[in-house]
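Colleague: sequence and predicted structure, then a few things I'm wondering about:
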Amino acid sequence: MASYDVNKAAVAHARKLIDARQYVLDSDWGDVQPNAAAGNAYLESHTWDEYAQWHLGLTEGANDETKARHAFVYGDFRRVHRSGLIACLYRAAEWRHRDVMRAAYELLEYLDER
């Protein structure tokens with residue numbers, strides 16, 4: 001099983017988006033979650049660092065500037081989705097990635113306080 005580090009830049013980016021009210025409170029994550037094609041389209045006009053800001057986890061040992069390096073996407077490359085944070089929380093909890101789980105939970109709490 002892969003191991004993940006919390007992507008602190010992604011946590012900061014999510015907080016910034018929440019502060020700017022760039023979030024969706026009610027969405028079906030299965031419908032709005034970015035797929036591979038959306039990730040490719042985003043990378044055509046953005047840097048890998050910008051792509052990374054949308055992922056709460058960084059896969060340990062994976063090469064930089066690869067999709068395999070980035071895990072636990074929480075938004076649609078424009079806005080934070082509450083359902084995306086919940087999906088990150090549950091997936092991280094399911095596989096016992098405690099640090100990512102904690103980061104997702106804290107962001108969810110931060111969003112709900114707004």
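Modeller: Now that the structure is in, tell me what you want to look at.
Colleague: all strands of this protein, in order?
Modeller: Counting by DSSP state E, the chain has strands at residues 4-6, 23-24, 55-59, 70-73, 80-81.
Colleague: which helices and strands sit right next to the first one?
Modeller: Put plainly, it is strand 4-6. Judged by 3 or more C-beta pairs under 8 Å, 6 or more residues apart in numbering; DSSP states H and E, the packing partners of strand 4-6 are strand 55-59, helix 98-113. C-beta here means a position set from N, CA and C on the backbone, and glycine is covered the same way.
Colleague: what residues are up against residue 68?
Modeller: 59, 62 (C-beta atoms under 8 Å, 6 or more residues apart in numbering).
Colleague: that older thread, possible to save the strands of the chain as TSV with distance to residue 89?
Modeller: Output for the strands of the chain, formatted as TSV (distance: least, C-beta to C-beta, whole Å):
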stretch	distance to residue 89
strand 4-6	13
strand 23-24	15
strand 55-59	9
strand 70-73	9
strand 80-81	12
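Colleague: that's all I had, so thanks and see you.
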